[in-house]
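Chemist: Here is a sequence with its predicted model. Questions after.
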Amino acid sequence: MCVQMAHAQESKELKGKVLDAVTLKPVVGATVVVESSAVAEDIGVPNQVQQSALGSLTDASGEFRLKVPGNLKYVTISYVGYQRIQVPVFQDHKTILLQPSGESLDEVIVTGYTDIKKRKNTTAYNKINVADIKQTGVASIDEMLAGQVAGLQLSNLNGGPNSAPQIRIRGTVSLNGTQDPLWVIDGLPIEGTELPNRIDKDNLNSLNNLPIAGINPDDIADITVLKDAAATSIYGARAANGVIVITTKRGKPGPAKLQVSANTFVTERPDFSHLNLMNANEKVDFELLMANRTDLNYRTGKGAVMRILDKANALDAYRSGGLAALSPEVQHSINQLRTQQTDWGKELYRQAVNQQYSASISGGNDAHRYYLSSGFYDEKAATKGTDLRRYSLTLNNDFNINDRFKAGINLLGSVSNRQNPIQDDDAFTNPSSYMRLVNPYLTVRDQSGKYNYDPDIEGYEKDTYVPFNSVEERENTKYALTNKALKAIGYLEYTIIPQLSLRTEFGLQFDENSTERFADQESYNTRKLRAATRYYDSATKTFKYFLPTGGKIENTSNSIFQYNWKTYLKYTKTWNDKHELELMGGTELRRSTNKMIATKGFGYNPATLTTQNIVFPNSNYQDDQRFVQYKKGLIENSYASFYGNATYTFDRKYNLYGSIRYDGSNMFGVDPKYRFLPIWSLSGSWNVLEEDFIKGKTALSDLRVRASYGIQGNVDRNTYPFIVGKYDNSTILPGYPEGSVVVDMPANDKLRWERTKSYNAGIDLGLWKNRLNITVDYYNRTSTDLIANSALPMENGFQDVQVNWASARNQGVELTISSRQIQTDKFSWSTDFNIAHNNNKLLKVMNNPKAYAPDTQEGRPISGMYVLETAGLDKDGVMQFRNQDGSVSSFEEFYGLYDPWADFLPGYTSQTSMTAADYRAKFKYIGSKDPKFVGGMTNRFRYANFDLAISTVFNLERWVNRTPTYNPAKVDRGQNYTKDLLAALQGNAALPALGSISSELNDRWMAYAWLESNDPINSFNQYDIWAKKMSYVRINSIRLGYTLPAAMSKKIGASNLRVNVEGRNLFVFGANYEGYFDPETYGSYYAQPISKSFAFGLSASF
Amino acid sequence: MIMTASALTSCNKYLDIQPVGTVIPTSESDFRGLMTSSYTSFPAHKSYLSLRTDELLLDESSTDAARTKDIYLWNDQNPDPATTAYPYLAFYKSIFYSNQIISTIDEKLSSNATVDQIKGEAYLMRAYAHFELLNLYSEVYSASNVGLRGVPLSTKIDLEQRFVPATIGDSYALVLSDMEKGTALLTVDDQAKGANYRFSKRVAYAMASRLHLYRGEWKAAMEGAQKALAINDKLVDLNAVASLLPNDFESVEVIMALEKVSIPEVRSSSFISPSLLSAYSDGDLRKGRYFQKRGADYVSLKGGENRFNVSFRNADLYLTIAECNARLGNTAEALKYLSALKKNRFTADAYSKETKADAGLSKDQLLDAVLLERKRELALEGLRWYDLKRTTRPTITHSSFGRTMTLQQNDPRYVIRYPQEAINNNPDLLK
């Protein structure tokens, strides 16, 4: 005490000036304080001291004076909108520069464990302020990341609010394991964020609720994307695909602040002219031309024209004499079709008005800070029947209990309702696909208002026809998902001594997903199921159906629960002003359960909510999955991890960082010693500008060189080293059920961990007081022992097995530039730009000698595109091909076709003389299906009270295979096509000629039979004419805002009032994407269009 | 270090979660469960075989016709993609379970009556699955055929082994040795109703009888049949009131009721062919019990549900003994067994007419009469194809969707090609 008092008496006065580091203007009202909030001051009374806070404010010219104790080392200077700074105590007068927030050298990297100061950074990461990337009419934060982070590739596989984008960070390192990044919200790694690796028409429609989608983007403060091994290794095995760390908004000390915003947006109906489909008139012309072709025999009775001709028995007359030979009635019926143009675009799509509201209150004091918000989001997609509605509530509290204890709790709750049209395996039940298939002359309803059923759908054969009408299907079915989610994260931090602290965090995640699929009796879905229940009743000698009359209802519920408890010690020490050491180590325990229940009811009546029991005609159907009424599943996982990291900084110049983590998980049947895998990294950086030889001598304000190396891994947890069975029940003889043990997968004790070695090297450059920042990174990630499914001889009793199959390398370069080129009081202009290139190459592949198509080749990308090189059409309009040596072969020569039964049954079947290896050798590699460059650019302008942000994303040089417009051997006259086909029939010799597989009708029958079905891999889809190098630039948002003058907003009591208008996806520039809605979903018939929208919004703070 | 080690040990407890419903088979009931899976995996290939014979006509208006059309037309080379592939994987799935039992049961359990029975069943299942594969995918056994291509043999679980088809001689050697080992282990003479899909000694003898019949070893075939009949030689009498169908698993004559011989897919896409219908003379009670007239056509009443599963039954053994005796020239013995069956299948009047007619037959005519009786008795039980294949391999004509196809006399398609999906996964099959 005495010593302290003695020191306290030696006080001195600090004098200085605080300026904005960028504009060099004085910062008025900045606080200058001595960090330890109170200092004991001797007041001359024995044994008594007075506690007084030490602090001062800067005046109008930025000047301050402050009396401080002589032993004080630092003072802290802070002001809203600027980074807090600690300044060593100095002599005389000093000018101090405050860095505006977000640009400072002292920015921290949020890792979800301990934050790392930017100046100590050794890793590759990007931090994004959500306010900068916000868009109206985007439900979920993931979608807003498009084009914002170098090395993060976001693909929209589908439009509409219920689709989740596919996110890949720095390419793909696992083939079979998850390829999605790990999401962490306020320190809690989230469960259930994985999407299927391959998305096709069947899972495009299924409703998922990713836990990320429950979070209102308005509640998020910033997002940090961790990219290299050094940044992610603290998360262990799950982080091999990168980590996205979300920090939600928290209260700041000060009076309560209310923020409200209201937005409405209009989603446009897509532009169908891009699809280039035939109209009713053209479709009739097409069918008439088809009717004339005596040589075609594929689905000959289809199409309205053929039905009219067949009914009037006038086909021969038409073929010999043309339209003139037909009776006036028949001619009239045909002409009538030409005028019956149904706008199917209007029937299946809509223009929708949507809304989005949110409100928040935040504030607090030194002891308690709070943030409370609620939001409502309602979006109807352009596709009718697709909706999303979300309600969200967020509550964040932070407490400073005393000098030693800090605590806090975050609660994030939401309820979302999603709806999609019901679909099944048949392509035409997907509205986007049906839009292309449906005949333009087909009307939705007949004159009496009853639904018209499409007589041309596939499956229409004699008495097995199941009636389908797309509008009826939408009206009489319902597919909805309700998600109720709550995430709760609490923390407690205890400072043992100033250098040593203990922090423990407990996170809980509840996600309740329930889906309902209802199909009423009058729907294709129910009719189709009913048809499958047909059986022969020998008593009545008739066919009967055992599906009860009524609808069909399926409910599933899937509840995810996890807890994650992490505890770590942190130790910080600085000595001799040169050495800084930070150590951290801890444990993490995680357990998750996933419970699934699926129920089904038949003969459901939506008015009475009753169902009926199925009475099976015999025991055969008992095990049929379609009629199983109750099913339960339970998955339980637990993980235990140990981790630690250390940062050492010498003289602020050199940083060294090391991180290690052991992840253990429950792997049933695995020897405990293989359960733990070490994941580690080592990295370093050099702050060049801290060196004396350069310090203060250049325009450079930041120059840092970084490098890192690390090991990551992944194991297939579903393959056991020895035979593991599952209990089941089976009934071989009726009335005698037996318990059985089923083995679903072969055991493979030779399976090893997948391992990825990553290098990263980067440079961070700041110029002109960081008005221009440039970051360049190079990375190389080599993965070995990648696990994949490999075909197994069936004699093993299984068709495939997981094996260590390949090695691959991802290497790439990323460039991020952000600049504030103009910065004046009236006008400012800033630009953020990023571009990334990833090169992915298979180094080793276990080739499948039996495969016909060379899907994977050493030295080529994982998603390489292989094509057959065509060489135009021959005189019959049949495709010719170019061989590897440059010569041209006819279709039959190229595929080595011959008639194996020419001697005794000619014209019956054709075969190829190629072996699988010959076939593979015919393919030529042309490029990667992954884009060569991805990135984005955002320009922000501010003039007086107006602000404008234009953001663009681009995706360059990606090879895409489009769905061929028609297969010449299988042209179905009962469906619609693009105008190309009409041109081909009208004699456009540049397009493949139609033909049949019948040897009596067509000399080239072998070629057409190959095209129709004999080709084992349907290589028609892989002709080079369908391959296209796609590039596009999309202006995904233009946002104009106007902040009302303070005087006006004050009139309504607001401190800030802002209006904004926004246009989303207004323009897309790209290679020709005729035939498809958008270059982004080019090639897919099933994707919902990515729609344009216009938004108007209002926001106010009080 | 010590702390880390102890932390790891306590963590192992935290991490020990056995997924609900999974099991590493160790107990008797676990091994019985594996054996049950071996039975449930066994395919319904015999249903599809009926489509290849002269027993059925394809119903073109059926929803299932798309999947069965190319089987009906023997288009094995280039079938429509919708066509159901001939079962292949399923045989080896059954064999997989058997191999797992054979290779691990001894280390987990000590020998007792239950354990021996399970192990014996596993050997017999492995023998039976390989035997059926041979019946489908290779030539019939004969001295001159032993060097021809048989089927790949699976006797152990090893994902890295190659499966090159063995010769017919080697393939049968495995089947015979497995049968011998299995039969020696069995402890159950005859399975009770409901469990009679499983192997028993009675089944093992019946199986031996069929195997030797197909190999043309008449004496051995008779011997097996006699042994099985010694345990139970009852026949269903169709003259009796409320008699069950002879292939009903609850009927007195069923030996083993494992295989689905007429699955709904085949049953609902076919009618009974005139050739089969005309084989039944007046007074043959089977015509009315096996078939039913629907519209202008006849449909089968014999299958379509599990109740009618059948692999072996006594009538088959009676006919085997009759055939072997006829072939060996023991006419009296042959007639004895033929007439014993006919007594239970014809009205009394028709029966006496039949016996009189049969009594006057020459040796060759008697053999034909026995084979005709096989066609009538075992109709749609999947054995017709094997009978045609091992005897005359006649010309058969099928028409469907406007196409007429002919299976020529001695057509190479009497040996079915390995399914394409099997060849895709194992190119060694083409060697």
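Modeler: Arrived safely.

Chemist: What pLDDT is listed against residue A:987?
Modeler: Listed pLDDT for residue A:987 reads 81.

Chemist: Tell me which residue in chain A sits closest to chain B.
Modeler: Nearest to chain B, among the residues of chain A, is residue A:797, at 2.9 Å (CB to the nearest CB). For the C-beta atoms, the positions are set from N, CA and C on the backbone; glycine is no exception.

Chemist: can I assume that residue is in contact with residue B:95?
Modeler: Yes: under the criterion of CB atoms under 8 Å, residue A:797 makes contact with residue B:95 at 6.4 Å.

Chemist: Can stretch A:526-537 be said to contact chain B?
Modeler: Yes: remark: stretch A:526-537 sits within contact range of chain B at A:531, A:534, A:535, A:536, by CB under 8 Å from any CB of the partner chain.

Chemist: Please convert the buried members of those into PyMOL selection syntax.
Modeler: Remark: buried members of the residues of stretch A:526-537 next to chain B, expressed as a PyMOL selection using 16 or more other CB atoms under 10 Å in any protein chain shown:
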select buried, chain A and resi 534+535+536
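
Chemist: hmm, back to that, find residues that contact each of residue A:797 and residue B:95.
Modeler: Common neighbours of residue A:797 and residue B:95, using CB atoms under 8 Å, 6 or more residues apart in numbering or on different chains, are residue B:154.

Chemist: More neighbours: which of the two?
Modeler: Taking other CB atoms under 10 Å in any protein chain shown, residue A:797 and residue B:95 do not tie; residue B:95 has more neighbours (28 against 25).

Chemist: which other helices and strands contact the helix or strand hosting that one?
Modeler: According to DSSP states H and E, residue B:95 maps onto helix B:89-108. Of the remaining helices and strands, those touching helix B:89-108 by 3 or more CB pairs under 8 Å, 6 or more residues apart in numbering or on different chains; DSSP states H and E are helix B:28-41, helix B:113-137.

Chemist: and the shortest one, what does it pack onto?
Modeler: This means helix B:28-41. In terms of contact count using 3+ CB pairs under 8 Å, 6+ apart, helix B:28-41 is assigned the packing partners strand A:725-731, strand A:737-742, helix B:89-108, helix B:113-137.

Chemist: Check the last one too.
Modeler: In terms of contacts (3+ CB pairs under 8 Å, 6+ apart), helix B:113-137 is packed against helix B:28-41, helix B:45-52, helix B:89-108, helix B:168-185, helix B:201-214.

Chemist: ok, now with 10 Å
Modeler: Helices and strands touching helix B:113-137, by 3 or more CB pairs under 10 Å, 6 or more residues apart in numbering or on different chains; DSSP states H and E, are helix B:28-41, helix B:45-52, helix B:89-108, helix B:168-185, helix B:201-214, helix B:384-390.

Chemist: Residue A:297 contacts residue A:1009, doesn't it?
Modeler: No: using CB atoms under 10 Å, residue A:297 is not in contact with residue A:1009; the gap is 12.0 Å.

Chemist: Need the residues touching each of the two.
Modeler: A:996, A:997, A:998, A:1002 (CB atoms under 10 Å, 6 or more residues apart in numbering or on different chains).

Chemist: give me the number of residues near the second one?
Modeler: Burial of residue A:997 is recorded as 24 neighbouring residues (other CB under 10 Å).

Chemist: residues in contact with it?
Modeler: A:296-298, A:907, A:910, A:969-970, A:1004-1014.

Chemist: what about 8 Å?
Modeler: Contacts of residue A:997 (CB under 8 Å, 6+ apart): A:297, A:298, A:969, A:1005, A:1008, A:1009, A:1012.

Chemist: which of those residues are buried?
Modeler: Taking 16+ other CB under 10 Å as the criterion, what is buried in the contacts of residue A:997 is A:298, A:969, A:1005, A:1008, A:1009, A:1012.

Chemist: hang on, the second one in a helix?
Modeler: Pointing back at residue A:969 there. No: applying DSSP: H, G, I helix; E, B strand; the rest coil, one finds residue A:969 to be coil, outside a helix.

Chemist: how about residue 250, secondary structure?
Modeler: In the absence of a named chain, chain A is used. Under three-state DSSP, residue A:250 falls in the coil class.

Chemist: Start from the N-terminal end of chain B and give the strands.
Modeler: Ranges of strands in chain B, per DSSP state E, are B:22-23, B:56-58, B:254-256, B:270-272, B:291-294, B:297-300, B:312-313, B:396-400, B:403-407.

Chemist: I'm done for today, thanks for sticking with me.
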